[in-house]
Structure formats: structure tokens, C-alpha cells
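Enquirer: Could you work out the structure for the sequence below:
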Amino acid sequence: MSYIAVIGAGSWGTTLSRLLAEKGYDVSLWVYENDLCGEMKVTRINSVYLPEFSIPHNVLITSDIKEALHQARYILNVVPTQYARAIMKSALPHIHSDSVIINASKGIEQKSLLTFSGIMKELTHHNVAVLSGPSFAHEVGRKLPTAVTLSSDDAPTALLLQEIFNTHYFRVYTHDDTLGVELGGALKNVIAIASGISDGLRLGHNARAALLTRGLAEIVRLGGAMGAREQTFSGLSGLGDLLLTCTALLSRNYTLGTKLALGLKLNDILSQSKSVIEGVATCESAYELSRKYAVQMPFVEQIYMVLYEGKDPGLAVAELMNRALKTEFHA
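Expert: Predicted coordinates:
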């Protein structure tokens, strides 16, 4: 079977390596932390990010990027977006010219304001496919029913990858709006922080429903201004992922929002998290993108001020509710 390299051994990278290995593929899993890598080789358990599940023996566990990529026909990036550029720069000399790169991380790089596919366009000629959608790693690990989107600009590649990733519990749909799929997966994390704040302040179900609806409107406006298709955001990588991330305690971004509402400091929350909380960095990128494209994103703006300017979450809610009145659907 084809050799697949999974770059990044967080909970999602580890879960996807297990899924692919159980389908019979030869898989390598690149682990950033040397100590964790050594432990995983012995125990076949990722004790930090996914301790509930064992890793099949046809997964090569390594911290050597060259070894991980040696025979890889398919390369799955699961490195958080803010670190992906540096990791992929070190990986590129070892990537074969005909390899297919798939992105499964969700974020927008700070300063450059690029998604992973945009970063890769700056680094290499390789086209990038995207795997995204409402998919908590622990539920996929338990083989609970999950549906996701696989997007590629090349239809044959999309169909091939659909077959590679699809299982009886992990249903894969194809798409061809790669930018839209990436933006949906990234921007929903910002709205999830807002949703956590809302629930942490006990603002009720009405408030959460309004927040999700108006938050999605902001995502659609920015996505459209950047060239994505509006329909994409009504699908699994948009609305589907938004609903999941904004309503579940398993969501790191939602949980961060609830803690901010309780008065905890951002740096303290981040220092206690084993995993990267992508919505924090993505919020700054989204705020800068809203200014670049002259798109109104009041939720993103208020969350930016909470995260980066220390604004009181309750005051942010009050200002959102007291903005000038307008029609629901406007240019």
C-alpha cells in the first residue's frame, strides 16, 4: 500500500495515523518532541495528546523528518498553522516531486495572513488538498460516525484522497473550494471563543444561537471578499464545524472562552494547555484581514480586543448589543 507521512503527532495527527494504518496503509508519524517520540516507540501510546488509544505497529514513529518522508507518496500536515512554515521548510528537501500534500490543520498565519495552502504556494509548486470538518479526534478514535470534507483543485486527486481516508465511520465528501474550506475551519475557532464567553457569562441559548448565526455571516462576508464561494460555508467545513466547535466542551477554543468569562487571564489559560489553541492567533489574523478587505466583522473585532487589549468580556457583549441598528442582510 502507499506510504503516507503524517507530520504532527497531536491528538488529530495521531488519530489520523491510526485511521490510515488500520486501513492497511504504511504510515509514518513525525513527532516534534524527542522525549515523547522515544516514549511512543516503546509504549505505542501518545500519553500527552491521545492516551486512550494504542498506535498500530504499521505506523513508523519518528522525530526525524527525513526518515518520516523517505518513501512518502502522500504527506498529511497536522502541524498548527503558526509553526507550519518552519516545519515545511525543513521538510521540502525530502519531499518527492510527485508527492501529494494534504492539510488537516486549521488556522491563518499571523503577519502573512495566509492559510496553509497559501504558505505552501510561497514555498513550493506542490498543490495542496485540504481535509476539514466537524471532527473531534477522540470521537474519531472511538469510531463514532463523522463526516468531513476533502477539497482539491484537481478532481482526480480529490477522488483518490476520498478513497484513502473514507471508512465505515469516517465519511469523506469531495469539494473544490480549497480556500473556502480552509477559511471555514480557521475562522470558526474565533467564533467558538465568543461562544465560550457567552456560555461562561450565562447569557443563555438565545444569545448563543444569535452568535452562531451572526458569526457565520461574518465568516461568509470575509470568505467572499477573499474569493471563496458562499455555498462552501453552509457545508461541513463551515456551518458543520462551527456548530461543533461552538457548543462542545471538547473544543479548546470554546473552553478558553468560558475561562475568559470567569476572569482567568489569557496567558495563564494558554500556559496550562497541552495543545495549541489555534483561535487565539487566528483571531489576530482575522482582525487584520477584516481591515485589509474592508469587511465588517464586529464579533471578531470584539474578541480581538478581549484577547489582545484586555477588554472585559461583559463590556464586549454590551457593545455588540448596542451597535447601530441595520437590516439583517446587507452589503
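Enquirer: Quick one: the helices in the stretch 51-200 of the chain, in order.
Expert: 65-69, 81-91, 116-123, 137-141, 155-165, 178-200 (DSSP state H, counting those that start in this stretch).
Enquirer: okay, the angle between the longest one and helix 116-123?
Expert: What it means is helix 178-200. Helix 178-200 runs at 140 degrees relative to helix 116-123, counting by axes from the mean of the first three to the mean of the last three Cα atoms, to 10 degrees.
Enquirer: any idea of the mean pLDDT in helix 178-200?
Expert: On average, the pLDDT along helix 178-200 is 98.
Enquirer: low-scoring stretches of this structure, by residue?
Expert: Scanning the chain for pLDDT under 70 picks out 1-2, 330-331.
Enquirer: which residue is nearest the centroid of it?
Expert: residue 106 (2.2 Å; Cα atoms, centre = their mean).
Enquirer: Next, work out how far apart it and residue 213 are.
Expert: Look at residue 106 and residue 213: by Cβ to Cβ, to the nearest Å, they are 21 Å apart. Placement of C-beta: from N, CA and C, glycine included.
Enquirer: Please report the distance of the residue nearest to the centre of the chain from residue 239.
Expert: Taking Cβ to Cβ, one finds residue 106 at 15 Å from residue 239.
Enquirer: Likewise for residue 193?
Expert: Taking Cβ to Cβ, one finds residue 193 at 18 Å from residue 239.
Enquirer: neighbour-wise, which of the two wins?
Expert: residue 193 (31 against 20; other Cβ atoms under 10 Å).
Enquirer: In space, what's closest to that one - neighbours in sequence excluded?
Expert: Nearest non-adjacent residue to residue 193, counting by Cβ to Cβ, 6 or more residues apart in numbering: residue 257, 4.2 Å away.
Enquirer: Next up, the contacts around the one you found.
Expert: Residue 257 is in contact with 192-200, counting by Cβ atoms under 8 Å, 6 or more residues apart in numbering.
Enquirer: Please repeat the previous calculation with a cut-off of 7 Å.
Expert: Residue 257 is in contact with 192-197, 200, counting by Cβ atoms under 7 Å, 6 or more residues apart in numbering.
Enquirer: coming back round to it: tabulate the helices of the stretch 51-200 of the chain in a markdown table, adding columns for distance to residue 26.
Expert: Shown next, in a markdown table, are the helices of the stretch 51-200 of the chain (distance: least, Cβ to Cβ, whole Å):
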| stretch | distance to residue 26 |
| --- | --- |
| helix 65-69 | 12 |
| helix 81-91 | 18 |
| helix 116-123 | 24 |
| helix 137-141 | 20 |
| helix 155-165 | 12 |
| helix 178-200 | 27 |
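Enquirer: Please identify the deepest-packed of these.
Expert: helix 178-200 (a mean of 28; mean count of other Cβ atoms under 10 Å).
Enquirer: In terms of secondary structure, what does that one contact?
Expert: helix 116-123, strand 128-132, strand 146-151, helix 205-226, helix 241-245, helix 252-261, helix 278-292, helix 298-308 (3 or more Cβ pairs under 7 Å, 6 or more residues apart in numbering; DSSP states H and E).
Enquirer: hmm, 6 Å instead?
Expert: Counting contacts by 3 or more Cβ pairs under 6 Å, 6 or more residues apart in numbering; DSSP states H and E, helix 178-200 is packed against strand 128-132, strand 146-151, helix 205-226, helix 241-245, helix 252-261, helix 278-292, helix 298-308.
Enquirer: Might you report the residue contacts of residue 102?
Expert: 76, 129, 131 (Cβ atoms under 6 Å, 6 or more residues apart in numbering).
Enquirer: Among those residues, which one has the most neighbours?
Expert: Busiest of the contacts of residue 102 [other Cβ under 10 Å] is residue 76, holding 29 neighbours.
Enquirer: any idea how far that residue lies from residue 33?
Expert: 19 Å.
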